[in-house]
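A.B. asks: Whatever this is, show me its structure:
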Amino acid sequence: MFKCAFCQGEVTVSERPGRRDVCPHCGRDLHCCYQCHFYDKDAHHECREPQADWVKEKDAANFCDYFRFDPRVRVKVEDTDAAKAKFENLFKKTK
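C.D. replies: Below you'll find the predicted structure:
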């Protein structure tokens, strides 16, 4: 039993979900960087696995052979567009 990094819903999958597997609660991809044990936003290419190829879209399904579902409970990952909008609103000029 794991938790989805996007919705925190409980997911029952094998240790390595397939590329097409999705969360039954939110429909987001399970085999993506945000769901992986090696994902680290502060690491080079945001991955602690030194042999892994760079992946541009961390929230989308990929073909990484090093993927391992992250058993840790994490803070919910925000949609990148929503996060960008929040950042831009910080510096928005008001009248």
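A.B. asks: all contacts plus neighbour counts: C-alpha atoms, from now on.
C.D. replies: Fine.
A.B. asks: just the helices in this protein please.
C.D. replies: Counting by DSSP state H, the chain has helices at residues 80-90.
A.B. asks: Can you pull the poorly scored residue ranges out of it?
C.D. replies: For the chain, residues meeting the criterion pLDDT under 70 lie at 14-15, 73-80, 94-95.
A.B. asks: go again using 80 as the cut-off
C.D. replies: Applying pLDDT under 80 to the chain flags the ranges 1, 13-16, 71-85, 87, 92-95.
A.B. asks: Can you give me the distance of the spatially most central residue of the chain to Ala85?
C.D. replies: Centrality entry for the chain: nearest residue to the mean C-alpha point is Tyr34, 1.6 Å, by Cα atoms, centre = their mean. Computed as Cα to Cα, to the nearest Å, the Tyr34 to Ala85 distance reads 20 Å.
A.B. asks: again with Tyr39
C.D. replies: Plainly put, Tyr39 is 23 Å away from Ala85 if you go by Cα to Cα.
A.B. asks: Which of these two has more residues huddled nearby?
C.D. replies: Shown here are Tyr39 and Ala85; by other Cα atoms under 10 Å, Tyr39 has more neighbours (21 against 10).
A.B. asks: Quick check: Trp54 touching His45?
C.D. replies: Yes - under the contact definition of Cα atoms under 8 Å, Trp54 touches His45, with a separation of 6.0 Å.
A.B. asks: who's more crowded, those two?
C.D. replies: Applying other Cα under 10 Å to Trp54 and His45 shows that His45 carries more neighbours, namely 17 against 13.
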